[in-house]
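Undergrad: Sequence and predicted model, in that order:
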Amino acid sequence: MADVIFRDDFSGNGPIDESVWRFNKYDAGGFYGNTLARQSLPSASDGYMHLLFSLFNPTWREGGPNAIPTFLGSEAITQRLFDVAKDGPIAFEASLRYVQNQPGIIGGFFTYGFPQGDPDKHDEIDFEAMSNFYDQIQTNIYHNEPGGDGHWESKPLPSGTLGDFHTYRIEWRADSVKWFVDGVFNREVTAKELVPDQPMSLHLNIWSGFPSWRTSSDQTQPVPTAQGDKTYTLDVDWVQVEKISNVKGSDASETLMGTAENDFIEGFGGNDSIYGGEGHDTASFLSAPSNAHTLIAGKDFVAVTDRLGGLDFLSGIESIRFSDQAIDTTTLGKATLASDNDFAALTDLYAASLDRAPDAMGLAYWASRMVDGMSLQEIAKSFFAQAETQLEFANAKTATAFVTQAYQNVLERAPDAQGLEYWVNELENGHVGKDDFLLSFIGGARAQSGSLLDAQTLANKTAVGLDFAVREGLNDVAWARAVMDKADGSPGGMAAALQLIDEYAEAAAATGTSQLVLQLVGVSLEGMPLTET
């Protein structure tokens, strides 16, 4: 397991542990921009620490009758320091979100320390959630320098907004700093003059700056009396600090061995064999995006090939990090243990719920959940709750519209009067819910009492989906929609869909139009539904 040297899940109720955390005291500074940190620790409840930001600060700012109103924020600072020279390399992680979308607020997850002998300079590594830019996250870094703009960059979040929980990770080594959001690489700094080297505490805070700052907003202004006060919240689910180890290769082909700790293994050039060993180990391919690679996954290994012919063999590796995303290799290994019928049933759900072929990575994820024991019924309900499914059926407000769209997605035809009446009655009388209707509908289409043409149409769509995601290992969602659009139930449509898949597979392997490809070793697809071509 990971060598976790600090963690807090905020599982209690009331103020957080003062033996672990402290706040920024007024006599030691206390202010961030135009915001005074509350002179007490934040409280926790429901498993979250709640950092509060208020428009009214009852103490204002010192200065007599001409004092200006200021905000009142919150901060939690670890009592202990973390030292990259003694503890490192170190990874800082936290999961946090804004409870509301309110412009003009800054949420911070960062490290901070002072070089010895110069209190006017500092070291710092930041994640800053600027609510004015609700779909972005800002990173920043300082080394032995005064406050100010620092060396910040702002980039889009991999998905969602600052209102969603995201996992923010800072990896601090003696020669570099890397930032990740939800496992996706965000930024790296390697310039020696920018990499902090002083012991630093870990901070979480919420605050706002002065009116002239780009982070400020006319919609969020301090107020002079409690009558105009409003309070906003940044929730922190958990925070931890862990040791990570560096294992670095060279441009040569070589064998790289991990340690008993959490390893971050960078093979660089050559065709490498990488063995993780104990701990949660990550193989790094940060020099290129995932779409420049093919993954060949077996139960206990993953082979990573690039479009130039390079090949790395991974074993005992739990995660692969490309420049654009992180991939959980344990999911891929489990997926190879799913049965052919599991893959076919999941492909039916993709066609019915999303009107497209499955993407290979998504199909592997759900197959791994089945291997873990999740039932097809539970997966169908989860599918229906997904944003993509909700969008697909957004205009199907009535039971009649919902059933009509299911006929089109699954059987490529309008409903017959008898079938429409039956399924609408099933929905309206509560015999089946919308979240498990599609699975029941698929079962009806495959039943012996059903239409042979309907059964063949669904079999053809299943075969197209399996060809796209399993045989060819393709992941582009737009391509997945296009091939399923061709599969209209006719032999000609089937042939057109398979031809289009072949064209996409060729494009995925080409350097200029490459896509991430996933091949699962041991998935034979024998005994899958026959198709008419």
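TA: Looks like it came in fine.
Undergrad: Regarding this structure, what is its longest helix?
TA: Secondary structure assigned by DSSP state H gives helix 491-509 as the longest helix of the chain.
Undergrad: What pLDDT is listed against the residue most central in space within the chain?
TA: Centroid-nearest residue in the chain: D182, 3.9 Å away (criterion: CA atoms, centre = their mean). pLDDT, D182: 91.
Undergrad: now A191
TA: 92.
Undergrad: Same question for G527.
TA: Listed pLDDT for G527 reads 52.
Undergrad: same question, E62
TA: Note on E62: pLDDT of 56.
Undergrad: max-length strand in the protein?
TA: Assignment by DSSP state E gives strand 231-248 as the longest strand of the chain.
Undergrad: To what extent is D272 buried, counted in neighbours?
TA: Neighbour count of D272, defined by other CB atoms under 10 Å: 23. (C-beta placed from N, C-alpha, C; glycine too.)
Undergrad: So it versus A303, what's the distance?
TA: Between D272 and A303 the computed distance is 11 Å (CB to CB, to the nearest Å).
Undergrad: Find residues that contact each of these two.
TA: D312, F313 (CB atoms under 8 Å, 6 or more residues apart in numbering).
Undergrad: tell me the contacts of the residue nearest to the centre of the chain?
TA: Neighbouring residues of D182 by CB under 8 Å, 6+ apart: L157, P158, S159, H166, T167, A326.
Undergrad: Isn't the second one up against V181?
TA: Meaning P158. Yes. Using CB atoms under 8 Å, P158 makes contact with V181 at a distance of 5.7 Å.
Undergrad: So if I had to pick from these two, which one is more boxed in?
TA: Applying other CB under 10 Å to P158 and V181 shows that V181 carries more neighbours, namely 21 against 17.
Undergrad: Tell me where this structure has helices.
TA: Counting by DSSP H, the helices of the chain are 329-335, 340-354, 360-371, 376-385, 387-392, 399-411, 417-428, 434-446, 452-466, 477-486, 491-509.
Undergrad: and the longest strand of the chain, what does it pack onto?
TA: For strand 231-248, the packing partners by 3 or more CB pairs under 8 Å, 6 or more residues apart in numbering; DSSP states H and E come out as strand 3-8, strand 48-54, strand 90-98, strand 201-207, strand 262-266.
Undergrad: Extract the C-alpha set from the longest one and format it as CSV.
TA: What it means is strand 90-98. Coordinates of the C-alpha atoms in strand 90-98 are reproduced here as CSV (Å, rounded to 0.1, in the frame of the first residue of the first chain):
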residue,chain,number,x,y,z
ILE,A,90,5.9,13.7,-1.6
ALA,A,91,2.4,13.8,-3.1
PHE,A,92,-0.3,16.1,-1.6
GLU,A,93,-3.9,15.2,-2.5
ALA,A,94,-7.3,16.6,-1.6
SER,A,95,-10.9,16.3,-2.8
LEU,A,96,-12.9,19.5,-2.7
ARG,A,97,-15.7,21.5,-4.3
TYR,A,98,-17.6,24.8,-4.1
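Undergrad: show me what contacts F114?
TA: Listed by CB under 8 Å, 6+ apart, the contact set of F114 reads K121, H122, D123, Q198.
Undergrad: from memory the third one sits against P196, does it?
TA: Yes. In terms of CB under 8 Å, D123 counts as a neighbour of P196; the distance is 3.6 Å.
Undergrad: Now do the shared contacts for the two.
TA: Shared contacts of D123 and P196, defined by CB under 8 Å, 6+ apart, are found at T111, G113, Y142, H143, N144.
Undergrad: What residues does the second one make contact with?
TA: Going by CB under 8 Å, 6+ apart, G113 touches L81, H122, D123, E124, P196, Q198, P199, M200, S201.
Undergrad: Tell me how far the residue nearest to G522 when sequence neighbours are not counted lies from D312.
TA: Nearest residue to G522 in three dimensions, chain neighbours excluded: T336, at 5.0 Å (CB to CB, 6 or more residues apart in numbering). When CB to CB is applied, the distance between T336 and D312 equals 19 Å.
Undergrad: quick one: which of the two has more around it?
TA: Remark: of T336 and D312, D312 carries more neighbours, 24 against 18, as counted by other CB under 10 Å.
Undergrad: what sits against the more buried one?
TA: Contacts of D312 were listed using CB under 8 Å, 6+ apart, and they are G267, N271, D272, S273, I274, A283, A303, V304, T305.
Undergrad: Mind listing the residues bridging to it?
TA: D312 has the following beta-bridge partners by DSSP bridges: V304.
Undergrad: so where's the chain shaky on pLDDT?
TA: Along the chain, the parts satisfying pLDDT under 70 run over 1-2, 28, 61-66, 116-117, 450, 525-533.
Undergrad: thinking again about what came up before, buried subset of the shared contacts of D123 and P196, written for ChimeraX?
TA: Selecting only the buried entries of the shared contacts of D123 and P196 in ChimeraX, with 16 or more other CB atoms under 10 Å as the criterion:
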select :111,113,142,143
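Undergrad: Pick the one among the shared contacts of D123 and P196 closest to D46.
TA: Of all those, D46 sits closest to T111, with 27.0 Å by CB to CB.
Undergrad: Do I have it right that the closest one meets M200?
TA: Yes. With contacts counted by CB under 8 Å, T111 reaches M200, the gap being 4.0 Å.
Undergrad: what touches both of those two?
TA: Both T111 and M200 are in contact with F82, D123, E124, I125, where contact means CB under 8 Å, 6+ apart.
Undergrad: May I have the residues that are in contact with the last one?
TA: I125 makes contact with F92, F110, T111, N140, I141, I170, W172, V177, P196, M200, according to CB under 8 Å, 6+ apart.
Undergrad: swap the cut-off to 6 Å and go again
TA: The contact partners of I125, by CB atoms under 6 Å, 6 or more residues apart in numbering, come to T111, I141, I170, V177.
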